[in-house]
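return atomic coordinates for the entry below.
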Amino acid sequence: MSYVAQGSPENIALAQQVNGRLRAESRIVFARAFLFRAAGAGVFVALAGIGVGAAAYGWATMNQFDSAAEKIAAAMQAALSDVTLKTKGEVTLTDNVLKLEGALPKAAAAPTPTKAQLGADAAPASKAIVNTTFTVFKQVPYLDGQIVTGWNFKDSADQPYQQYCYFSRRSNESKGQVEIKIDLAMDGKTLPQPQKSDVNLAILASNCVWHDGKSL
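I've put the predicted structure just below:
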């Protein structure tokens, strides 16, 4: 075992080698630390770039879809504005069929007495003046009978001079067919209710058909 004196050349050389080794190792540690810091910064920048790129792509995609939806909606609106829809079908009402094709069917014209039916040339043997009147009947089915309203007209007058309404029903009896007739109203007014009667005249009279559509 040998000892080197302090300040000897050997000791100075050893110290220089130790110092050089320590400086080299410190530079290696600093380089490693810088490498790790640079790698971390690079990863951060890369992730930030990916995030910004994904956000930009999503924003562009959403705007593209909104624009496409707006274009489709505008195209559909323009197409529908020039389309004419035509319907064809039928609605069944009990046993009657109403076909919806073109205009609605016109109501049947009311029967008008002919000149022969009125007998304008008929005259009595006495040659007296003849006043011609005629009656228009309106019939409404009710229970097992019907409610009949009569309009009495004079010559070519547009308004009836008299109106009456009654309930009529036919029944078969042992002696033959019998007609039951109950007077209901006159000139739009219901007749007085009989005291000993189960028939409510007001209810039946609500089915009378008056010329002006309302009570006189």
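
mind listing the residues bridging to Val148?
Beta-bridge pairing of Val148 under DSSP bridges involves Gln139, Tyr166.

right, and it touches Thr135 too?
No: the criterion here is Cβ atoms under 8 Å, and Val148 misses it with Thr135 at 10.4 Å. Any C-beta I mention is one placed from the backbone N, CA and C, and that applies to glycine too.

all the helices of this protein, residue numbers only.
9-81, 115-118, 201-205 (DSSP state H).

most tightly packed of those helices?
Scoring the helices of the chain by mean neighbour count under mean count of other Cβ atoms under 10 Å gives helix 201-205 as the most buried, with a mean of 17.

any idea of the mean pLDDT for that helix?
Average pLDDT, helix 201-205: 92.

what do you get for stretch 120-132?
Mean pLDDT, stretch 120-132: 85.

who touches it?
118-119, 154-155 (Cβ atoms under 8 Å, 6 or more residues apart in numbering).

got the contact list for Gln177?
Per Cβ under 8 Å, 6+ apart, neighbours of Gln177: 170-171.

between Val148 and Thr135, tell me which one has more neighbours.
Set side by side, Val148 and Thr135 show more neighbours around Val148, with 19 against 12, by other Cβ atoms under 10 Å.

any idea how far that one is from Tyr164?
Between Val148 and Tyr164 the computed distance is 9 Å (Cβ to Cβ, to the nearest Å).

again, but for Gly53
On the measure of Cβ to Cβ, Gly53 and Tyr164 end up 95 Å apart.

and if you look at Val178?
From Val178 to Tyr164 the distance is 21 Å (Cβ to Cβ).

comparing the two, which residue is more hemmed in?
Shown here are Val178 and Tyr164; by other Cβ under 10 Å, Tyr164 has more neighbours (19 against 11).

circling back: pick out the most distant pair among the contacts of stretch 120-132.
The span of the contacts of stretch 120-132, defined through Cβ to Cβ, is set by Gly119 and Lys154 at 15.3 Å.

hang on, the earlier thing: between the helices of the chain, which one is nearest to Gly213?
Here helix 201-205 is closest among the helices of the chain (Cβ to Cβ), at 14.5 Å.

other SSEs contacting that closest one?
When contacts are defined as 3 or more Cβ pairs under 8 Å, 6 or more residues apart in numbering; DSSP states H and E, helix 201-205 packs onto strand 176-186, strand 189-190.

which of those strands is buried the deepest?
By mean count of other Cβ under 10 Å, these have strand 189-190 as the most buried, with a mean of 15.

helices or strands up against that strand?
Using 3+ Cβ pairs under 8 Å, 6+ apart, strand 189-190 sits against helix 201-205.

what's next to the helix it packs on, contact-wise?
142, 147, 165, 167, 182, 184-185, 190-191, 193-194.

look at Ala73 and report its pLDDT.
69.

also Ala48?
84.

could you measure from it over to Ala41?
For Ala48 relative to Ala41 (Cβ to Cβ), the value is 10 Å.

domains of the protein?
The chain resolves into domains spanning 9-75, 115-205 when parsed by automatic domain parsing.
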